[in-house]
Structures are given as structure tokens and as C-alpha cells.
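Peer 1: Sequence and computational prediction follow.
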Amino acid sequence: MARSGPIRILLAKPGLDGHDRGIRLVLRALRDAGMEVIYTGLRTTAEQIVKAAIEEDVEAIGLSSLSGAHETHFVEVSRILKEENAEDILLFGGGIIPQQDIDSLKEAGFDHLYPPGTPLEQIVADLHQQLRPGEMENDNA
């Protein structure tokens with residue numbers, strides 16, 4: 001069933017990572033693109049993230065990690081989503097993620113992983129394309 005209204009995204013910083021400049025830039029870009037964004041803030045647990053995503057009825061969860069704990073925290077969010085039968089929520093992530101970890105995160109259910117320096121327009125375009133295909137083209141018609 002196609003959703004109406006703006007795309008709803010939840011952004012979160014799992015774990016103890018206290019650096020939030022990058023996720024705040026992504027938040028602003030998504031809002032500027034007309035999406036509704038819920039930001040859970042710093043140091044959230046996987047359980048808190050999934051609970052908020054389900055309660056807020058979001059279409060995607062974006063996680064950020066600069067601390068090197070991405071495999072632990074990102075995979076835990078994916079696992080809990082599956083437990084809650086909420087696997088239809090798109091997962092994407094960003095931050096300092098070594099190339100050798102990309103495959104395991106994709107296997108865990110992450111559709112997109114963005115390293116530092118990824119153009120914000122790319123993130124916006126990817127989410128529009130995956131969540132509302134055809135919508136951007138219709139806006140330009």
C-alpha cells in the first residue's frame with residue numbers, strides 16, 4: 001500500500017558516540033527535502049530506536065556511528081526490527097564504517113551505507129527513490 005504525506009524518517013545515534021554534527025546535517029537535508037524527521041538524540045539503545053520507529057510509524061531508520069561500534073549497534077537494531085515484525089522499515093547508516101564491514105551490514109538489512117563526505121543530495125535521492133519511486137519525477141513534470 002502506497003503511503004501518502006511526507007516520508008517519515010527516524011535518525012538515531014546508538015551507543016556512546018557523542019559526535020552528532022554529521023547526523024544533524026543529514027537531518028536538516030531530509031527536512032529541507034520535505035521529509036518528517038524524528039531525531040532520538042545521542043546515546044540511544046537499539047531497543048529505544050526500534051520502539052520509537054514503530055510508535056512514530058516511520059518508513060526508514062538512519063543510524064550514525066563514528067565510534068567503531070557500528071557492527072554491534074546497527075546489527076542489534078536490525079535484529080530487534082525482525083523480532084518486532086517491522087522488517088518493512090528501511091535501514092540506512094553512515095559514519096566511519098570500514099569497507100570490510102559493508103557486506104556484513106548489508107546482510108543484516110542495511111540498504112544504504114554512507115561514508116563521510118557523501119553528498120547530502122545523494123542520501124535524499126536514495127531515500128526518495130527507494131521509499132517513493134516516481135514521486136520526484138512527478139514533482140518535475
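Peer 2: Done, it's in. Keep in mind that this is a model prediction, so the values were computed, not measured.

Peer 1: contacts and neighbour counts: CA atoms only from here.
Peer 2: Noted.

Peer 1: Where does Leu127 fall, secondary structure wise?
Peer 2: helix 120-131 (DSSP states H and E).

Peer 1: Pull up the gap between Gly93 and Tyr114, please.
Peer 2: Spatial separation of Gly93 from Tyr114 under the definition C-alpha to C-alpha, to the nearest Å is 6 Å.

Peer 1: and if you look at Glu71?
Peer 2: 14 Å.

Peer 1: If you count surrounding residues, which of these two has more?
Peer 2: Neighbour totals were compared for Glu71 and Tyr114, and Tyr114 leads with 18 against 15 (other C-alpha atoms under 10 Å).

Peer 1: can you tell me which residues contact Gly109?
Peer 2: By C-alpha atoms under 8 Å, 6 or more residues apart in numbering, the contact list for Gly109 reads 78, 91.

Peer 1: Need the contact partners of the strand or helix carrying Gln48.
Peer 2: In this assignment (DSSP H and E), Gln48 forms part of helix 46-55. The set of residues external to helix 46-55 that reach it, using C-alpha under 8 Å, 6+ apart, is 10, 12, 14, 40, 61, 73-74, 76-77, 80-81, 86.
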